[in-house]
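Q: The following block contains a protein sequence and its predicted model.
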Amino acid sequence: GQCTTSELKGEYWLVAAGWNHSVMLQSDGHAVALGSNREGQCDVPRCDAEPAYSHAACGRAHTVLLRTDGTAIAFGLNCHGQCAIPLQESGLAYTFAACGPDHTVLLKSNGTAIAFGLNDNGQCDIPELSGKTSYVQAACGAGHTVLLTSEGTVVMCGSNDEGQSKIPSLRPPSLRFVPGSMASPRLAPPSVILTATLVEPFDR
């Protein structure tokens, strides 16, 4: 059932996929999940009114959804605490989510990041940033986490047995990694959803 789409209401504008399930966000603010539901990873709570869903990420058998009010929900397999979303501090919002098979990473509106779930390789040990530098994007592998910063640098933590956490130097040094942007055609998420990694000249 993971390749069978539901009846379209408006437009689909964001997709995410786990090992055997798929999640799609619709322009009316709802989310649709389909495929394997053995762990409840497709049991999306319905949004009958605001706040609408603004972002989605999937792990092996869990789903994380962000809402336009900056809150986050997670459901599905929780054997390592990958669905145990921490209470958000007053005045802050969750702005981006990424999932490995059994861990979850959330970015906050103050530029910090948290990770929880399986941490057997240190994939949840996200370093704190100094100064005004913030995290703007995240991606996850099976045992490692990759984060992009506002300074165009990349931070990695977790497994490096295949060299997946060895960050290459940019040449020339005047280059930096830059996130692209993607926004819903109908919704206004709590912050810009950042996707893609490009390289462009940068004057320091």
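A: Structure's in. What do you need?

Q: C-alpha only now, for contacts and for neighbours.
A: OK.

Q: In the chain, where is pLDDT below threshold?
A: Per-residue confidence for the chain (pLDDT under 70) gives these ranges: 1-9, 48, 171-204.

Q: for it, what spans make up the helices?
A: In order along the chain, the chain carries no helices (DSSP state H).

Q: how about the strands in it?
A: For the chain, strands defined by DSSP state E occupy the ranges 12-17, 21-26, 31-35, 53-58, 62-67, 72-76, 94-99, 103-108, 113-117, 135-140, 144-149, 154-158, 175-182, 193-201.

Q: The first one versus strand 31-35: what angle between them?
A: Right, the one you point to is strand 12-17. Using axes from the mean of the first three to the mean of the last three C-alpha atoms, to 10 degrees, the direction of strand 12-17 lies 40 degrees away from that of strand 31-35.

Q: Can you add distance to residue 129 and give the strands of the chain back as TSV?
A: Putting the strands of the chain into TSV (distance: least, C-alpha to C-alpha, whole Å) gives the following:
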stretch	distance to residue 129
strand 12-17	28
strand 21-26	31
strand 31-35	33
strand 53-58	24
strand 62-67	23
strand 72-76	23
strand 94-99	17
strand 103-108	13
strand 113-117	10
strand 135-140	8
strand 144-149	9
strand 154-158	10
strand 175-182	17
strand 193-201	19
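
Q: any chance of those in CSV, plus distance to residue 46 and mean neighbour count?
A: Converted to CSV, the strands of the chain look like this (distance: least, C-alpha to C-alpha, whole Å; neighbours: other C-alpha atoms under 10 Å):
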stretch, distance to residue 46, mean neighbour count
strand 12-17, 16, 18
strand 21-26, 12, 24
strand 31-35, 8, 22
strand 53-58, 10, 28
strand 62-67, 12, 26
strand 72-76, 12, 21
strand 94-99, 19, 27
strand 103-108, 22, 26
strand 113-117, 25, 22
strand 135-140, 26, 24
strand 144-149, 30, 22
strand 154-158, 35, 20
strand 175-182, 24, 17
strand 193-201, 22, 14
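
Q: All set now, cheers.
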